[in-house]
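Peer 1: Okay, here's the prediction I keep looking at, along with the sequence it came from:
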Amino acid sequence: MANTAPIKWAQRSDSLYFTIALPDVTDEKIDLSDTHLNFTGKSGDKDYEVHIEFYKNVKSSAEESKYKVAPRSIQFYVLKEKDDEDFWPRLLKDKLKEKNQVKIDWDRYVDEDEEEDEGGFDVSGMEGMGGMPGMGGMPGMGGMP
C-alpha cells in the first residue's frame, strides 16, 4: 500500500499554488483535471500517492496550469475558474481529508485583505515547463490516457 504524500497550499483570488512535499521523486504519474488531482510516484524506496478532489473547479489545461518536478518537491500553479475569483475556505471538497493531508504553505500565504499589496505567485521558475503531461514540453513524461 502506498503512503499518502504531504501537501502544502496557498492561494490568490484567481489561482492556487500547491506542493507535494517529497524529495527526489521518480516514476511520477500526474493526472490533473478540472475537478481533481491524482499523483503516484516514488521517493526514496517508498511509493506515495495523492488522490484529491478540489473544493471547486480549476482550469487544468496546459496553457493555464503548470507543474514542475523539483529536487525537493513537485510544485503546481493552477488557475481557478473565471467565475470563481474568491478565496476558498480550503483546498479540498472533503473537510476530513483536508485536515489529515493538507497544510497551509505559510511561505506563500497572503491574507485576502493583503493580496493587492503582495501580488500574484512568483512562477518564474516554472517558465518553459509546458504544462500537464501529454500536452508537450515535458520530456520523458509521455501522454496520459
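Peer 2: Thanks, I have it. Keep in mind that what you see is a predicted model, and the values were worked out from it rather than measured. Numbers count the residues shown, from 1 in each chain.
Peer 1: residues contacting Glu112?
Peer 2: With contacts defined as Cβ atoms under 8 Å, 6 or more residues apart in numbering, the neighbours of Glu112 are Ser13, Phe87. C-beta: built from backbone N, CA, C; applies to glycine.
Peer 1: rerun that using 7 Å as the cut-off
Peer 2: Contact partners of Glu112, counting by Cβ atoms under 7 Å, 6 or more residues apart in numbering, are Phe87.
Peer 1: now Asp24
Peer 2: The contact partners of Asp24, taken as Cβ under 7 Å, 6+ apart, are Ser43, Pro71.
Peer 1: Return the backbone torsion pair for it.
Peer 2: phi 50, psi 50 (degrees, to the nearest 10).
Peer 1: can you tell me how far it sits from Glu98?
Peer 2: Here Asp24 is placed at a distance of 26 Å from Glu98 (Cβ to Cβ, to the nearest Å).
Peer 1: what's the average pLDDT for whichever helix in the chain runs longest?
Peer 2: With secondary structure taken from DSSP state H, the chain has its longest helix at helix 95-101. Summarised as a single mean, pLDDT over helix 95-101 is 89.
Peer 1: Which is the succeeding secondary structure element to that helix?
Peer 2: strand 102-104 (DSSP states H and E).
Peer 1: Can you pull out the residues in contact with that following strand?
Peer 2: Residues from elsewhere that reach strand 102-104, judged by Cβ under 7 Å, 6+ apart: Pro6, Ile7, Lys8, Trp9, Ala10, Leu91, Leu92.
Peer 1: quick one: the helices in the protein?
Peer 2: So, for the chain - with DSSP H - the helices run 95-101, 115-118.
Peer 1: Nearest to Tyr109 among the contacts of strand 102-104?
Peer 2: Ala10 (5.0 Å; Cβ to Cβ).
Peer 1: Any idea what the closest one is bridged to?
Peer 2: For Ala10, the beta-bridge partners under DSSP bridges are Tyr17.
Peer 1: Correct me if wrong: it contacts Trp106.
Peer 2: No. Ala10 lies out of contact with Trp106 (Cβ atoms under 7 Å); the separation is 8.1 Å.
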